[in-house]
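> no FASTA, just this:
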């Protein structure tokens, strides 16, 4: 029998590997933000739970600040008519 992973597991692995590439300096902020795109909640969760080795580094702080500041594509912009 072949084991088939769920989409969620595949996305989580992709984001973990992408975050590692960013933290190791292989990719830049613009790239990682493009990879994260609509998976911001999952990326923030991974950042806060699985990236303890990088806490306090400039890249960690830069990414954390950018994730918290980005408007969600699923929520209306502040002041927008609903």
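Yep, it's here. Being a predicted model, the structure only gives us computed values, none of them experimental.
> The residue nearest the centre of the chain and residue 6, how far apart?
Closest to where the C-alpha atoms of the chain average out (C-alpha atoms, centre = their mean) is residue 43, at 2.8 Å. Noted for residue 43: a distance of 18 Å to residue 6, by C-beta to C-beta, to the nearest Å. (Each C-beta comes from the backbone N, C-alpha and C, glycine too.)
> What of residue 49?
To residue 6, residue 49 is 19 Å away according to C-beta to C-beta.
> now do residue 22
24 Å.
> which one of these two has more residues nearby?
With neighbours defined as other C-beta atoms under 10 Å, residue 22 and residue 6 compare such that residue 22 has more, 23 against 8.
> Could you find the closest non-adjacent residue to that one?
residue 32 (4.2 Å; C-beta to C-beta, 6 or more residues apart in numbering).
> And the one you found, its phi and psi?
Reported as degrees, to the nearest 10, the phi and psi values for residue 32 are phi -60, psi -40.
> Test my guess that it contacts residue 20.
No - with contacts defined as C-beta atoms under 8 Å, residue 32 does not count as touching residue 20, sitting 10.3 Å away.
> mind showing which ranges of this protein have poor pLDDT?
Applying pLDDT under 70 to the chain flags residues 69-82.
> Quick one: list the elements packing against the longest helix anywhere in it.
As far as residue count goes, and with DSSP state H defining each element, the longest helix of the chain is helix 7-23. Identification of packing neighbours for helix 7-23 by 3 or more C-beta pairs under 8 Å, 6 or more residues apart in numbering; DSSP states H and E yields helix 29-36, helix 40-50, helix 58-69.
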